[in-house]
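Give me a 3D structure for the following:
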Amino acid sequence: MKPGIHPDYHPVVFRDSLTGESFLTRSTATSRQTVEWSDGNTYPLLVLDVSAYSHPFWTGERRVMDSEGRVERFERRYGKRSR
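Here you go, the predicted model:
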């Protein structure tokens, strides 16, 4: 690898905004917010909207996003197709 062309790769804490769960990993992302981790060190904190802790696919929870079906919504908006 060429020296001086790669971004700084350092430990960062990511926190899920919905569940409050956090995990420490390495990233090139930076933040002005910091948090003290369980090892006593201070790391940059990045807040996520969705992570594996809150995503329905990984949690097994099903969320109803739209109770009305797509076909019914289309027919209401544009009318039924005449045959």
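
Where do the strands of this protein begin and end?
10-16, 22-27, 34-36, 42-48 (DSSP state E).

Can you give the distance from the third one to the centre of its chain?
From the chain centre to the centre of strand 34-36 is a distance of 19 Å (Cα atoms, centre = their mean, to the nearest Å).

ditto for stretch 20-30
The chain centroid and the centroid of stretch 20-30 are separated by 12 Å under Cα atoms, centre = their mean.

Only the buried residues of that stretch, if you could.
Judged by neighbour count using 16 or more other Cβ atoms under 10 Å, the buried positions of stretch 20-30 are Ser22, Ser27. (C-beta placed from N, C-alpha, C; glycine too.)

Find the least confident helix or strand in the chain, judged by mean pLDDT.
Lowest mean confidence among the helices and strands of the chain (mean pLDDT, DSSP states H and E): helix 56-59, at a mean of 63.

before we move on, back to that, could you dump the strands of the chain into JSON lines with distance to Arg81 and mean pLDDT added?
Listed next are those as JSON lines, based on distance: least, Cβ to Cβ, whole Å; pLDDT from 0 to 100:
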{"stretch": "strand 10-16", "distance to Arg81": "44", "mean pLDDT": "94"}
{"stretch": "strand 22-27", "distance to Arg81": "50", "mean pLDDT": "95"}
{"stretch": "strand 34-36", "distance to Arg81": "57", "mean pLDDT": "96"}
{"stretch": "strand 42-48", "distance to Arg81": "43", "mean pLDDT": "94"}
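
measure Val12 to Val47 for me?
Distance from Val12 to Val47, counting by Cβ to Cβ, to the nearest Å: 11 Å.

which of those two has more neighbours?
Neighbour count, other Cβ atoms under 10 Å: between Val12 and Val47, Val12 has more, with 19 against 13.

Look up the closest residue to the more buried one, ignoring the ones flanking it.
Ser27 (4.4 Å; Cβ to Cβ, 6 or more residues apart in numbering).

Contacts only, for the one you found.
Tyr9, His10, Val12, Phe14, Leu46 (Cβ atoms under 8 Å, 6 or more residues apart in numbering).

if you set the cut-off to 10 Å instead, what comes out?
By Cβ atoms under 10 Å, 6 or more residues apart in numbering, the contact set of Ser27 is Pro7, Asp8, Tyr9, His10, Pro11, Val12, Val13, Phe14, Pro44, Leu46.
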